[in-house]
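Engineer: kindly generate the corresponding structure for this input.
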Amino acid sequence: MTNYLEPTQESGRALVLRRMRGEIVMLNLLRFREVADYSAAPELAPETAISGAAAFELYIAHSLP
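Structural biologist: Numbering: from 1, shown residues only. Got it, this is the predicted structure:
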C-alpha cells in the first residue's frame with residue numbers, strides 16, 4: 001500500500017483557519033523510478049534509458065529558467 005497526502009479544499013481551509021504564525025516551509029518527498037517512464041510522451045524520451053532521478057534533473061534544468 002502506498003501512503004500519501006491528498007490535499008483537499010477542506011484540508012486547506014482547516015490549515016488557514018489554524019492561523020499559525022511564522023514561516024511556511026515546503027518539503028517535497030520525491031520517489032523516483034529506477035528507469036524513467038516516458039510511455040505517456042515517448043517523443044521526450046532520451047536515446048538511452050535514464051533513471052527517474054536523472055529525468056527529474058532534466059525537468060528542473062528546463063523549467064527553472
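
Engineer: and the contacts of the helix or strand hosting Y59?
Structural biologist: Element membership for Y59, per DSSP states H and E: helix 52-63. If you take CB atoms under 8 Å, 6 or more residues apart in numbering as the criterion, helix 52-63 is touched by L30, F32, R33, E34, V35, A36, D37, Y38, P46, I50. To be clear about C-beta, it is placed using only N, CA and C from the backbone, and glycine gets the same treatment.

Engineer: wait, doesn't the second one sit right on I50?
Structural biologist: No: in terms of CB atoms under 8 Å, F32 does not count as a neighbour of I50; the distance is 10.4 Å.

Engineer: CA-only coordinates of the helix holding Y59 in CSV, if you can.
Structural biologist: Below are the C-alpha coordinates for helix 52-63, written out as CSV (Å, rounded to 0.1, in the frame of the first residue of the first chain):
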residue,chain,number,x,y,z
GLY,A,52,13.8,8.7,-12.8
ALA,A,53,16.1,11.0,-10.7
ALA,A,54,18.0,11.9,-13.9
ALA,A,55,14.8,12.6,-15.7
PHE,A,56,13.7,14.9,-12.8
GLU,A,57,17.0,16.8,-13.0
LEU,A,58,16.4,17.3,-16.8
TYR,A,59,12.9,18.7,-15.9
ILE,A,60,14.3,21.0,-13.3
ALA,A,61,17.1,22.3,-15.6
HIS,A,62,14.5,23.0,-18.3
SER,A,63,11.8,24.5,-16.1
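
Engineer: in it, what's buried?
Structural biologist: Buried residues in helix 52-63, counted by 16 or more other CB atoms under 10 Å: A55.
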